[in-house]
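Undergrad: Provided below are the primary sequence and the corresponding predicted coordinates.
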Amino acid sequence: MFQTLTRKAYRLTADKDGRVGRTELYAGILVVHLNLAKYAGAAACYPPTRATVEELFVAVDDDKSGYIDEEEFKQIVVICCVDVTSRIVTYYSILILLVPYVTEALLTGFCTLDHSLGWDIQKSHAPALQWVESILSWNEIAEKAVGFILFILVIPIFFDYIDRSSKAVGMKTISEKPPSPDSKTE
């Protein structure tokens, strides 16, 4: 499936001579990420920056022609998408493990504070809070709030770290690649 997706993205972005330039490469990467998002969800909706793609283009363009072929395109797509798996693991780990734990800790802390101050959060008389309580429990409200905050603040930090790590590995892989026989030597 990934090979087919990559091949389609290449054909969609390649010029009539079957080559892809810098601008087309970034468009192709975006096409791949948008299509991966159908299957991987939010983890694939965070494509690499244009600057990252530019660096990979320069590193892969052995003959310095300003264009890459389908094999080089595939190599860059693999490097840019290898972090999608790490993102999926990170995303669901936070969703399944961290959100419930943090929610429970916060609710325990608030209940302790509530009790020590003599308040009773559970008995609210405000109509808006009564309406919210009729739809969701305090635990559900807290879990949604914690999940929202973690996904706004924490996920981007983890995704940036994953991207930097995979880019470094990808650049190292490209630099260790033996030069192609038709590349120009300087």
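TA: Done, it's in. Residues are numbered from 1 along each chain as shown.

Undergrad: ok, residue 158 - how many residues close by?
TA: Residues within reach of residue 158, counting by other C-beta atoms under 10 Å, total 15. (Glycine included, C-beta is placed from N, CA and C.)

Undergrad: same thing with residue 79?
TA: Residue 79, neighbours per other C-beta under 10 Å, totals 23.

Undergrad: now do the one 10 residues further on
TA: Counted with other C-beta under 10 Å, the neighbours of residue 89 add up to 12.

Undergrad: Check the spacing between it and residue 176 real quick.
TA: Using C-beta to C-beta, to the nearest Å, we find residue 89 at a distance of 26 Å from residue 176.

Undergrad: same deal with residue 145?
TA: Distance of residue 145 to residue 176, computed by C-beta to C-beta: 47 Å.

Undergrad: Show me which of those two is the more surrounded one.
TA: A count of neighbours by other C-beta under 10 Å puts residue 145 above the other of residue 145 and residue 176, at 13 against 7.

Undergrad: helix/strand/coil for that one?
TA: helix (DSSP: H, G, I helix; E, B strand; the rest coil).

Undergrad: 44 is where my numbering starts, stick with that
TA: Taking 44 as the first residue, the last one we looked at is residue 188.

Undergrad: Mind pulling up the pLDDT for it?
TA: pLDDT, residue 188: 80.

Undergrad: any low-confidence regions in this protein?
TA: Where the chain drops to pLDDT under 70, the residues are 86-87, 153-154, 156-179, 181, 209-210, 213-214, 216-218, 220-229.

Undergrad: what do you get if the cut-off is 50, keeping everything else the same?
TA: Low-confidence segments of the chain, defined by pLDDT under 50, span residues 226-229.
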